[in-house]
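[1] fold the following for me, if possible:
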Amino acid sequence: MKPFNLEAALKGEKVVTRDGREVTDIHVLHSATTEYKLVAVIDGSIYNRRPDGTGMLNNSQSPLDFFMAPKKVYVNFYDHGVCCYFETEKQARDAASVVEPTQRAVPIEIEGGDFFRAPKKRTVYVNLYKNTTSWHYDTKEEAVKKHDPDYAIGVAIPVEIEE
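    Next comes the predicted model:
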């Protein structure tokens, strides 16, 4: 799981607990004298946390520790190893109406957590890049070898696709 980032959370990025529950209404009580200056809502209840998203007195792990939620993107797979990802399923489907992909709008999660598994026929390994261009490879080793570390936001992400 991606570590909690208070600055990103306050800007509206999604946050989840260690056990996967959504965290909302995150606020910092700047004038509070306690180390538990962070307040948030989980399942309708208010919880106090430290600014790093933890809350146990003995610093042990808690199911309510905060993490940044994985980001979901939608990938269209095309012939010759080319694929493109989109922020929304609608964008992926709209783009597929211009050039017909071999697989359309396959959802995958990046930045931690388990990756989406489509119907299990074949695994490809996807490298995602900052400019929304992506490539898929038949082996994890090939994807790792061919990724560009200056632009990659996801490397060798396994995705199961139908033939």
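
[2] okay, now Ala95: neighbour count?
    16 (other CB atoms under 10 Å). Using the backbone N, CA and C atoms, a C-beta is placed for each residue, glycine as well.

[3] next: Phe4.
    Counted with other CB under 10 Å, Phe4 comes out at 22.

[4] any idea how far it is from Val23?
    According to CB to CB, to the nearest Å, Phe4 and Val23 sit 9 Å apart.

[5] next: His30.
    The value you get for His30 to Val23, if CB to CB is used, is 19 Å.

[6] average pLDDT for the lengthiest strand in the chain?
    Across the chain, the longest stretch assigned as strand under DSSP state E is strand 152-161. For strand 152-161, the mean pLDDT works out to 87.

[7] can you give me the buried ones in it?
    Residues 153-157, 159-161 are the ones in strand 152-161 that count as buried (16 or more other CB atoms under 10 Å).

[8] CSV please, covering those and showing distance to Arg49.
    Shown next, in CSV, are the buried residues of strand 152-161 (distance: CB to CB, whole Å):
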residue, distance to Arg49
Ile153, 28
Gly154, 28
Val155, 31
Ala156, 33
Ile157, 30
Val159, 34
Glu160, 36
Ile161, 39
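
[9] about what we covered before: what's the longest strand of the chain packed up against?
    Where contact means 3 or more CB pairs under 8 Å, 6 or more residues apart in numbering; DSSP states H and E, strand 152-161 is packed against strand 103-110, strand 122-129, helix 140-146.
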